[in-house]
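In: Sequence and computational prediction follow.
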Amino acid sequence: MKVLFTIDALINAGTEKSILSLCQHFSDDVQPSVAYFYNRHDLKNKFDNSKIPLFYAGLKGRYNFIMGIRWLIKLIQNEKPDLLVASLQRAGYMTRIAGKVTGVPVVGTFVNDTYNPYREEQKGWKPYLFYLLDKCTAPLCELWISNADSIGKSNGKKLGIPAHKIKTVYRGRDFSKFNAWNPPVPDEKFRFVALGRLLERKGYGDLIMAAYLLKQKNIPFIIDIYGAGSWEKELSHLIQMKNLRDSVILKGVVDDGFSVLYQYNAFLFPSWFEGFSGSLVEAMMTGIPIICSDIPMNLEAVTNGETAIVHKVRDAESLAGCMESAIHNYKKMIHIGMNARKVASASFDINVIARQYENVLRAASN
């Protein structure tokens, strides 16, 4: 079965990395390839090294959908895939229409909580136009794969997709690549780490306010934040405003970010909304103690008090309380981290996830 995945660009982010990992772990009779439309090539070398065929449209601007559809139709006619799998917004629109024109079945994917009711409504003509495009083209998909139950329910309801057409397959990682985390050598300061794109919705503003609250109590700690993104200037300014330059440090981007987790005492994940987070799964696989927000997607991965400590989303005081509790109850946190690693190995190993994904693809192609 030839499967052509389509995606906006090869950004070094969760959805893109998940496609790479899936393509490397499919059965021998599944032949994956990847088409992308826009000028970001962060993961190109990794795809090339994995010998996964890549096709690049080279679209200019952000919304050149007509050119993208024409290019994809020609690609489909040349490559003759049995199935198309579309991820992310722009690639989704173009792939659904190209699939309709060529007669190739399309599997849509829900990889973020675009229509979750707890997310603040986006206003203006552009979000509404994209919603209409989504709504009108969604019926062109044979099936949908959602990376969390909560995302599938909220998006499906908004787009009018019947529940039986939405299948949940969580994100996975190759468990064999994750050594077990061990507590680092004791330091005079408790070392927290956060990892991900520097976006406001990742909860970094709450994290800075939580750090400020801990600082007022003279609790010794360090927070290292790895990543880059559009909110970097605002985050840096907030750190300076709260006089936290010695306590909160922006470390920039690292390859295979999970590898830095072994240097720290606990992992922080205060995001406001997510897909099913690959970063959270990676932290679970290492066994580092986790403090995360109580958004529905996180709670499909972790259980409060058993595999993570959970704080109220967008609540700096709640986050600070969890951080303080982790410092003062560290033996319990270590045990919780060990539990998370066991759960991740059983539920989120990429070999398990790839078989589940294949089953949906086979159902859609029949």
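Out: Structure received. Numbering: from 1, shown residues only.
In: Residue 141 reaches residue 110, doesn't it?
Out: No - with contact defined as C-beta atoms under 8 Å, residue 141 does not reach residue 110; the gap is 10.6 Å. The C-beta positions use only the backbone N, C-alpha and C, and glycine is treated the same way.
In: Pull out the buried positions in the one helix or strand residue 151 maps to.
Out: Secondary structure here is read from DSSP states H and E; on that basis residue 151 sits in helix 149-159. Using 16 or more other C-beta atoms under 10 Å as the burial criterion, the residues of helix 149-159 that qualify are 150, 151, 152, 153, 154, 155, 156, 158, 159.
In: Looking at those, which one is closest to residue 83?
Out: Closest to residue 83 out of the buried residues of helix 149-159 is residue 152 (19.5 Å), distances taken as C-beta to C-beta.
In: Let me see the contact set for the nearest residue to the closest one once chain neighbours are set aside.
Out: Leaving aside its chain neighbours, residue 152 sits nearest to residue 146 (3.2 Å; criterion: C-beta to C-beta, 6 or more residues apart in numbering). Applying C-beta atoms under 8 Å, 6 or more residues apart in numbering, we find residue 146 in contact with 109, 110, 152, 155, 156, 166, 167, 168, 169.
In: Go through those and name the one nearest residue 301.
Out: Proximity of the contacts of residue 146 to residue 301 was ranked by C-beta to C-beta; the top entry is residue 168 with 12.3 Å.
In: quick one: the helices in the protein?
Out: Per DSSP state H, the chain carries helices over the ranges 14-25, 44-49, 65-79, 89-102, 125-137, 149-159, 204-216, 232-241, 278-286, 296-299, 316-328, 330-347, 350-365.
In: Ranking those helices by mean neighbour count, which comes first?
Out: Comparing these by mean neighbour count (mean count of other C-beta atoms under 10 Å), helix 278-286 ranks first with a mean of 26.
In: That one versus helix 330-347: what angle between them?
Out: 110 degrees (axes from the mean of the first three to the mean of the last three C-alpha atoms, to 10 degrees).
In: Alpha carbons only: can I get helix 278-286 in PDB?
Out: The C-alpha trace of helix 278-286 is given here as PDB (Å, rounded to 0.1, in the frame of the first residue of the first chain):
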ATOM      1  CA  GLY A 278       5.000  14.400  21.800                       C
ATOM      2  CA  SER A 279       7.100  16.300  24.300                       C
ATOM      3  CA  LEU A 280       5.000  15.000  27.100                       C
ATOM      4  CA  VAL A 281       5.300  11.400  25.800                       C
ATOM      5  CA  GLU A 282       9.000  11.800  25.600                       C
ATOM      6  CA  ALA A 283       9.300  13.100  29.100                       C
ATOM      7  CA  MET A 284       7.200  10.100  30.300                       C
ATOM      8  CA  MET A 285       9.500   7.700  28.500                       C
ATOM      9  CA  THR A 286      12.600   9.000  30.200                       C
END
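In: and it, what does it pack onto?
Out: Contact here means 3 or more C-beta pairs under 8 Å, 6 or more residues apart in numbering; DSSP states H and E; on that basis helix 278-286 packs against helix 14-25, strand 266-269, strand 290-293, helix 330-347.
In: Quick check: which helices or strands does the last one pack against?
Out: To tie it back to what came earlier, the one meant is helix 330-347. Using 3+ C-beta pairs under 8 Å, 6+ apart as the contact test, the elements touching helix 330-347 are helix 278-286, strand 290-293.
In: swap in the first one?
Out: Packed against helix 14-25 by the contact rule (3+ C-beta pairs under 8 Å, 6+ apart) you find strand 2-7, strand 31-36, helix 278-286, helix 350-365.
In: And the residue of the chain most remote from its centre, its phi and psi?
Out: The C-alpha centroid of the chain is most remote from residue 218, which lies 34.4 Å away (C-alpha atoms, centre = their mean). When quoted as degrees, to the nearest 10, the phi and psi of residue 218 stand at phi 60, psi 40.
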